[in-house]
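>>> Here's a sequence, model it:
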Amino acid sequence: MMVDEQKKCSNKKALRSCVRCRKNKIKCDLQETRPDCCTPCKKKGHECYVDFVVPHQRSQELLNLYQTVSEVKGTIGRLGIKYDKLGEKSLKVLDLDSSEVTGSMHSKVLKLGDDEFIFFTMESDRLCVNGLSISRSQLDIAFGEFRGLVENMLELYGRWEAESNSVSEGVIDESVGKYSCEKLFTSGQLPFLLCIVNFYFETPGLNYGLLFDRVLDDYCTMALEDDDSGISFDRKTLAKVITGTTGAESAPHFNGELFVKKMTLYLFYHIVMYGTERYLGAFLNKYIKTLENVRKKVNIEKNWEVKWVNFYVKIFDVMDNAKEPLDLSGEKEAFLRLLGHDSKVVYGEEIDETFAEDLVQCYEDIEPFLIPCSMRAPFFNVFLAQYITMNYFLSCTRGYVIDDKISRIPYNGFNGKVEYSIFEVCDKKKKAEDVKDEKSEVEKESFNGNETAEDSSEMRYRGEYAKGFVMRFENLEMSEVVAKCLTPKGYANVRGCSCCCLIKDLCETVIWKGMLMKI
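Residues are numbered from 1 along each chain as shown. As a prediction, the model looks like this:
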């Protein structure tokens, strides 16, 4: 008799032959004898079993995939219309006809909201960002100075952290070589690209602080609350623009190890270039606390790229937030020992006898940072120059005999100011005399090394003349810095140029109390 499980398998289909006949390759007449067993099984007295299979059906996953593809096609179509409009606006800004646009032009868009875009166009001889056209020669200078800054910082870290063999010359070259305009653009690391471009050139219609806040706030929101998207970015997009990827690579993982490393560097370079006032607090109080709250720890000892960042951030934190005298006499780095001397001076305590020796050693360590920059000086350069200057003044007030070459450093942190310069005009319809008038007005504005010009309240695409930040240097020796402080206005100017809390405190303690009040 046939064992029929048809009732148990109502959603399945029975095979045409029984299990025994198929196994023994015997002709089975089950279809004719059903519901009885087949003839071969009946002759042998065996039970006749039948197998069932699930009929082929379109799976739910395939249906979902089809629906998703349809939605993506619709989204791409809508974005295409918006990008076409942006392209038309950019051609008007650059006074170009569509026939003049060659195949060598590549464009990328950083979308921040429904109607907020930052538009990047890379050509063979220039980069255009929101209507700002920057020539290749100016880009080469700017990115060359940035790479030089990173290289000097890595070399300095390698000397101070002597036990670390990971920061070799080859490693430095490989790390610094990643920071070119072309590589950042091609890989899609647009926030990092904009961080560098905005530092050296004023981007029209861009409130850069707002962009920085959106990147960091969206990361913190998505990481802490496990949300799929923030205000401007979703997880996938933020991971892509921070990590960077090419078409052949797999999609980067949000909050993965590579993402955390790249995000850490992105935020750290803001402190190094723009200063501690805004960006150090954001790094420590938002970013690091978020990593701690989501229990996302990076193995610092095994990851040197994070280890050297951690080293410098600790220094920035000490120099900006020290609330009491510090005993750093046991540190191996002369810079840190000197920092300990300065903290004692600020709080009215006596400095150790090793002060002069530590000052000379610190000067020799950081000498590469004391060379004038051709463009805007990063905060780190400004700080080190002012730091050496203030400690030289301190040595004079305490009667130490210091090598005179320190008093003649090319850049002392107070003899350079940041100004605007017109590099070229994006809008060719703008009259030359109009640009001349604008330039004269623009150059009246000057900025300290850690200040930014952020007058626009929103991010929008608009064309303007191209303005960049350049350094103007005065022939101002260290002794003349003190002479400048003899008037209330001059002292206020020097103190106002001080780049951080430590330098302001030293200015008051060393110059005002240590020199001027004794005259």
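>>> mind listing the strands for the stretch 301-450 of the chain?
With DSSP state E, counting those that start in this stretch, the ranges of strands along the stretch 301-450 of the chain come out as 416-425, 446-447.
>>> All the strands of the protein, residue numbers only.
Secondary structure of the chain (DSSP state E): strands at 2-3, 13-14, 48-49, 52-53, 106-113, 116-122, 126-129, 132-135, 201-202, 416-425, 446-447, 465-473.
>>> any idea which of the strands of the stretch 301-450 of the chain scores lowest on pLDDT?
Mean pLDDT is lowest for strand 446-447 out of the strands of the stretch 301-450 of the chain, coming in at a mean of 35.
>>> returning to what we had before: lowest average confidence across the strands of the chain, which one?
The lowest average pLDDT among the strands of the chain, as it happens, falls on strand 446-447, at a mean of 35.
>>> Surely P378 touches Y269?
No. Assessed by C-beta atoms under 8 Å, P378 is found out of contact with Y269, at 9.1 Å. (Each C-beta comes from the backbone N, C-alpha and C, glycine too.)
>>> which of these two has more neighbours?
Between P378 and Y269, counted using other C-beta atoms under 10 Å, the more crowded position is P378 (27 against 22).
>>> Okay, now the unreliable bits of the stretch 201-350 of the chain?
Residue ranges of the stretch 201-350 of the chain with pLDDT under 70: 204, 246-251, 296-304.
>>> make it 80
In the predicted model of the stretch 201-350 of the chain, residues 202-206, 245-252, 295-306, 322 satisfy pLDDT under 80.
>>> in it, which spans are helices?
Ranges of helices within the stretch 201-350 of the chain are 208-225, 235-243, 257-274, 276-281, 289-293, 304-321, 334-346, based on DSSP state H, counting those that start in this stretch.
>>> buried stuff in the fifth one?
Within helix 289-293, the residues that qualify as buried are 290-291, counting by 16 or more other C-beta atoms under 10 Å.
>>> May I have it as PDB, with CA atoms only?
Taking Å, rounded to 0.1, in the frame of the first residue of the first chain, the C-alpha atoms of helix 289-293 are listed here in PDB:
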ATOM      1  CA  LYS A 289      32.700  60.600  24.200                       C
ATOM      2  CA  THR A 290      30.600  59.100  21.400                       C
ATOM      3  CA  LEU A 291      33.200  56.400  20.800                       C
ATOM      4  CA  GLU A 292      33.300  55.600  24.500                       C
ATOM      5  CA  ASN A 293      29.600  55.400  24.800                       C
END
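>>> re earlier: and the helices of the stretch 201-350 of the chain as a markdown table, adding distance to G144?
Below are those laid out as a markdown table (distance: least, C-beta to C-beta, whole Å):
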| stretch | distance to G144 |
| --- | --- |
| helix 208-225 | 22 |
| helix 235-243 | 24 |
| helix 257-274 | 15 |
| helix 276-281 | 23 |
| helix 289-293 | 33 |
| helix 304-321 | 21 |
| helix 334-346 | 26 |
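>>> To L394, which of those lies closest?
Nearest to L394 among the helices of the stretch 201-350 of the chain is helix 334-346 (6.4 Å), distances taken as C-beta to C-beta.
>>> and S329, what does it touch?
337, 340, 352, 354 (C-beta atoms under 8 Å, 6 or more residues apart in numbering).
>>> Most neighbours among these, which one is it?
G340 (23 neighbours).
>>> and that residue, how far is that from L328?
Relative to L328, G340 is positioned 3 Å away (C-beta to C-beta, to the nearest Å).
>>> buried stuff in stretch 342-359?
342-346, 351, 355-356, 358-359.
>>> Please report how far the residue nearest the centre of the chain lies from K73.
For the chain, the residue nearest the mean C-alpha position is Y266 (2.2 Å; C-alpha atoms, centre = their mean). The gap separating Y266 from K73 is 33 Å, by C-beta to C-beta.
>>> Next: K111.
18 Å.
>>> which of those two has more neighbours?
Counted by other C-beta under 10 Å, K111 and K73 do not tie: K111 has more neighbours, with 16 against 10.
>>> circling back to that earlier point, now the two most distant members of the contacts of S329.
Top of the distance list for these (C-beta to C-beta): G340 and T354, 9.8 Å.
>>> Where do the domain boundaries of this protein fall?
Listed by automatic domain parsing, the domain ranges of the chain are 2-53, 135-321, 326-519.
>>> Reformat those domains into a markdown table and put distance to M122 next to each item.
Below are those laid out as a markdown table (distance: least, C-beta to C-beta, whole Å):
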| stretch | distance to M122 |
| --- | --- |
| domain 2-53 | 57 |
| domain 135-321 | 5 |
| domain 326-519 | 15 |
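>>> Out of those, flag the one nearest T68.
Closest approach to T68 among the domains of the chain (C-beta to C-beta): domain 135-321, 13.4 Å.
>>> Pull up the distance across that closest one, start to finish.
From its first residue to its last, domain 135-321 covers 40 Å (C-alpha to C-alpha, to the nearest Å).
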